[in-house]
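Q: Structure for this input, please:
(one chain, ligands or ions: 1)
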Amino acid sequence: MPKVSVNPNYYSPRDMLMLRLSILIGGVLIGLFMIGDLQMVPKGLVDAYVTNRAFVQLPIVFALLASSFHPRFLQFAQAAFFLTILSLVYTNYYLIHVSWKLAAFSFPYEGTFLYAFFGFFVLGMTFRYALWLMFLSSAGFICLMLLDSVYGDRTFMNAGFVVGSLFIGVIGRHRLDLLLGELKGANEQLITLSTTDGLTGLLNRRAFTSESERLFAILRRSGQPLAVFMIDLDHFKQFNDCYGHQEGDRAIRCQADILRSVFKRETDILGRYGGEEFIVVAEGHSASESERQAARILTQWQDLAMPNEGSTSGKFLTCSIGICHGMPADYDSLENMIKTADEALYSVKERGRGRSIVDGGLTAQ
Ligand SMILES: Nc1nc2c(ncn2[C@@H]2O[C@H](COP(=O)(O)OP(=O)(O)OP(=O)(O)O)[C@@H](O)[C@H]2O)c(=O)[nH]1
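A: Numbers count the residues shown, from 1 in each chain. Okay, the predicted model is just below:
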């Protein structure tokens with residue numbers, strides 16, 4: 001039976017638009033920083049700086065933007081985020097190194113935070129990638145500090161800032177992941193509660209309607225037949241009156257189990273339609289196959305031989321089945337097929353119960 005669910009990892013077109021906009025804004029920020037930085041860097045560094053920003057960092061950002069249009073982008077997005085941010089951090093380290101070598105200029109290291117936090121929180125890197133980014137960025141910075149004494153007696157403190165800030169970022173990312181995981185679990189629980197019938201575990205009427213209407217539309221396009229089964233327990237009021245409500249609930253669960261054992265295909269949609277009334281839609285059936293399935297339901301009730309002393313039509317609990325079998329294209333809507341199945345069910349009730357009827361023709365049982 002199809003499961004009604006949402007995939008929280010799914011990126012809607014709007015999410016993708018936001019992601020691309022964020023990457024674009026990242027590129028624009030690098031451009032804006034260039035204007036500010038060019039006021040500060042010594043003249044001898046301008047070429048190295050412009051090359052680093054305009055011909056290395058901006059192309060890296062735009063490569064990420066371009067890759068987001070790849071049809072399978074979501075499969076490699078995390079690796080792409082990680083490589084992008086790591087290369088931005090390392091190209092910045094290279095600029096710090098070159099600035100020191102060429103002009104003994106202490107180029108600011110704070111850009112590392114901007115890149116890393118952009119990756120952690122705007123791009124949404126997962127904890128695992130964030131942790132790797134923290135290790136590699138910290139290691140790179142420490143190596144740089146060992147190589148050149150760019151920040152003199154502030155070296156140790158600056159290294160502490162880099163490692164500490166990245167660590168805080170990773171912890172923040174981890175907490176966010178935990179909260180998102182809890183939210184995802186609560187969301188799935190809510191979906192289950194709002195789509196399933198508590199007593200039987202079948203789809204409730206609302207979920208059944210939306211799932212089956214989707215199937216109806218698909219079969220209508222593909223020109224395949226559809227069978228709608230309406231199944232109702234017979235003289236159930238008397239059963240309840242005689243054996244009590246709890247036994248009644250057990251009988252209802254039995255009916256659901258029987259239906260699950262008969263309709264096992266992935267595409268079969270089973271629902272509890274009302275109190276002791278059930279509904280199934282099954283695709284691609286022939287009329288005779290539908291009848292055989294109805295017969296298997298009736299036989300299972302016979303085998304169970306659950307007493308129903310109050311019944312006026314026999315000693316045991318039975319059910320009646322109305323079936324509408326046809327091509328969805330011949331019906332205005334699924335509702336019309338359900339109505340036809342309901343009329344067939346009504347005919348079975350009229351003619352004595354414990355049987356099935358396909359579109360008005362009585363099946364011998
Ligand atoms: N135990 C139990 N009983 C339920 C539940 N939902 C509905 N019912 C009972 O099902 C009975 C349905 O009664 P009716 O609609 O008269 O149907 P019926 O007695 O089966 O008569 P026919 O359908 O004509 O054979 C009522 O007594 C409801 O109280 C449920 O969840 N648990």
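
Q: Which element, helix or strand, includes whichever residue of the stretch 51-200 of the chain sits closest to the ligand?
A: Nearest to the ligand in the stretch 51-200 of the chain, going by C-beta to the nearest ligand atom, is residue 199, at a distance of 5.7 Å. C-beta: built from backbone N, CA, C; applies to glycine. For residue 199, there is no host helix or strand (DSSP states H and E).

Q: residues contacting it?
A: Going by C-beta atoms under 8 Å, 6 or more residues apart in numbering, residue 199 touches 249, 252, 253, 256, 272.

Q: residues contacting the second one?
A: The contact partners of residue 252, taken as C-beta under 8 Å, 6+ apart, are 199, 200, 233, 272, 276.

Q: And residue 309, by the same measure?
A: 238, 242, 315.

Q: Return the closest of these with respect to the ligand.
A: residue 238 (6.1 Å).

Q: how far away is the closest residue to that closest one other than its chain neighbours from the ligand?
A: Nearest residue to residue 238 in three dimensions, chain neighbours excluded: residue 310, at 2.9 Å (C-beta to C-beta, 6 or more residues apart in numbering). Using C-beta to the nearest ligand atom, to the nearest Å, residue 310 is found at 9 Å from the ligand.

Q: Tell me the spacing between residue 76 and residue 276.
A: 52 Å (C-beta to C-beta, to the nearest Å).

Q: out of these two, which sits in the busier spot?
A: residue 276 (19 against 12; other C-beta atoms under 10 Å).

Q: Against residue 231, how distant is that one?
A: The value you get for residue 276 to residue 231, if C-beta to C-beta is used, is 9 Å.

Q: So for those two, which residues contact both of them?
A: residue 255.

Q: Looking at the contacts of residue 309, which gets the smallest pLDDT?
A: Of all these, residue 315 has the smallest pLDDT value, namely 90.

Q: Quick check: closest non-adjacent residue to that residue.
A: That would be residue 307: by C-beta to C-beta, 6+ apart, it lies 6.3 Å from residue 315.

Q: domain parsing for the protein?
A: 13-193, 205-363 (automatic domain parsing).

Q: Deepest-packed of those domains, please.
A: Ranked by mean neighbour count, the domains of the chain are led by domain 205-363 with a mean of 18 (mean count of other C-beta atoms under 10 Å).

Q: So what touches the one helix or strand residue 347 maps to?
A: Assigned by DSSP H and E, residue 347 falls within helix 334-350. By C-beta under 8 Å, 6+ apart, the list of residues contacting helix 334-350 from outside reads 209, 212-213, 216, 226, 228-232, 234, 279, 281, 320-324, 326, 328, 331, 355-360, 362.

Q: Distance of the residue of the stretch 51-200 of the chain closest to the ligand relative to residue 311?
A: Taking C-beta to C-beta, one finds residue 199 at 22 Å from residue 311.

Q: again with residue 92
A: From residue 92 to residue 311 the distance is 82 Å (C-beta to C-beta).

Q: hmm, back to that, go back to the contacts of residue 199 and keep what's next to the ligand.
A: Counting by C-beta under 6 Å from any ligand atom, 249, 252 from those sit close to the ligand.

Q: Out of the contacts of residue 199, list just those in strands.
A: Among those, the residues falling in strands (DSSP state E) are residue 272.

Q: For the ligand, what's its nearest residue on the stretch 101-250 of the chain.
A: For the stretch 101-250 of the chain, C-beta to the nearest ligand atom, closest residue to the ligand: residue 248, 2.5 Å.

Q: can you pull the contacts of that residue?
A: 236, 239, 240, 276.

Q: ditto for residue 97
A: Residue 97 neighbours (C-beta under 8 Å, 6+ apart): 144, 147, 148, 150.

Q: Residue 206 looks like it's in a strand, true?
A: No. Going by DSSP: H, G, I helix; E, B strand; the rest coil, the assignment for residue 206 is helix, not a strand.

Q: Name the nearest residue to it, ignoring sequence neighbours.
A: Using C-beta to C-beta, 6+ apart, the nearest residue to residue 206 is residue 195, at 7.4 Å.

Q: what number of residues lie near the one you found?
A: Neighbours around residue 195, by other C-beta under 10 Å: 19.
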